[in-house]
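A.B. asks: okay, sequence plus prediction incoming.
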Amino acid sequence: MYYLLILVVGAERLAELALARNHARWAFAHGGTEFGHRHYPVMVSIHTALLVSCVAEVALLHRPFIGWLGWPMLALAAAAQALRWWCVATLGKRWNTMVIVLPDAPLVHGGPYRWLRHPNYVAVVLEGLALPLIHTAWLTALWFGLANAAVLRERIRVENAALGYR
């Protein structure tokens, strides 16, 4: 069942990329400018490696499912997905996996953005911890957490600069 979950998450990521491509075309057609593309391939690679590593660690190191850890982590992963899609719904066509800013578009202050500046990244951090730990893949959770922290540091810096935060 865990492998099926990872497959579903992978399919969901492909759907996100397709949606992002459509949104990018729309944004560029409306004068959008992309910022910080240099970190984007690294980010995509890390997220792809997360899914591969979840499967590999569980299969190769025979990680067990431990109910007292696995069930809460599954709930946390589901909550992270819900938060991610709330962000997507709130931003509408402005949501993207790249940093694309529309000229003269106001900042979004609705949905989860009324409480957090970067709620989607909260979802990414939570999912990156929870998804591997559903099946005790703690090495994956550790390396992804560290790699993701490095790329998010750059990503948030680029996004804040592009949106004009001080």
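C.D. replies: Alright, I've got the coordinates. Numbers count the residues shown, from 1 in each chain.
A.B. asks: nearest the geometric middle of the chain, what residue?
C.D. replies: Here the mean C-alpha position of the chain is nearest to the C-alpha of Val124 (CA atoms, centre = their mean), at a distance of 3.8 Å.
A.B. asks: okay, now the unreliable bits of this structure?
C.D. replies: Along the chain, the parts satisfying pLDDT under 70 run over 165-166.
A.B. asks: following element in sequence after the top helix by length along it, please.
C.D. replies: Selection of the longest helix in the chain by residue count, based on DSSP state H, yields helix 2-29. Remark: after helix 2-29, the chain's next helix or strand is strand 33-35, criterion DSSP states H and E.
A.B. asks: so after that following strand, what's the next helix or strand?
C.D. replies: helix 40-60.
A.B. asks: list the buried residues in stretch 25-34.
C.D. replies: Across stretch 25-34, burial judged by 16 or more other CB atoms under 10 Å covers Trp26, Ala27, Gly32. (Glycine included, C-beta is placed from N, CA and C.)
A.B. asks: number of residues surrounding Ala137?
C.D. replies: 23 (other CB atoms under 10 Å).
A.B. asks: now do the contacts for it.
C.D. replies: Contacts were defined as CB atoms under 8 Å, 6 or more residues apart in numbering; by that measure Ala137 touches Ser53, Cys54, Glu57, Val58, Leu61, Arg63.
A.B. asks: let's go with 10 Å and repeat that
C.D. replies: The neighbours of Ala137, taking CB atoms under 10 Å, 6 or more residues apart in numbering as the test, are 2, 50, 53-59, 61, 63, 131, 144.
A.B. asks: how about Met43?
C.D. replies: With contacts defined as CB under 10 Å, 6+ apart, Met43 is in contact with Gly36, Thr97, Met98, Val124, Ala147, Asn148, Val151, Leu152, Glu154, Arg155.
A.B. asks: spatially nearest residue to Ile46, not counting backbone neighbours?
C.D. replies: Closest residue to Ile46 apart from its sequence neighbours, by CB to CB, 6 or more residues apart in numbering: Ala147 at 5.0 Å.
A.B. asks: before we move on, back to that, and of the buried residues of stretch 25-34, the nearest to Gly92?
C.D. replies: Nearest to Gly92 out of the buried residues of stretch 25-34 is Trp26 (CB to CB; 9.9 Å).
A.B. asks: much appreciated, bye for now.
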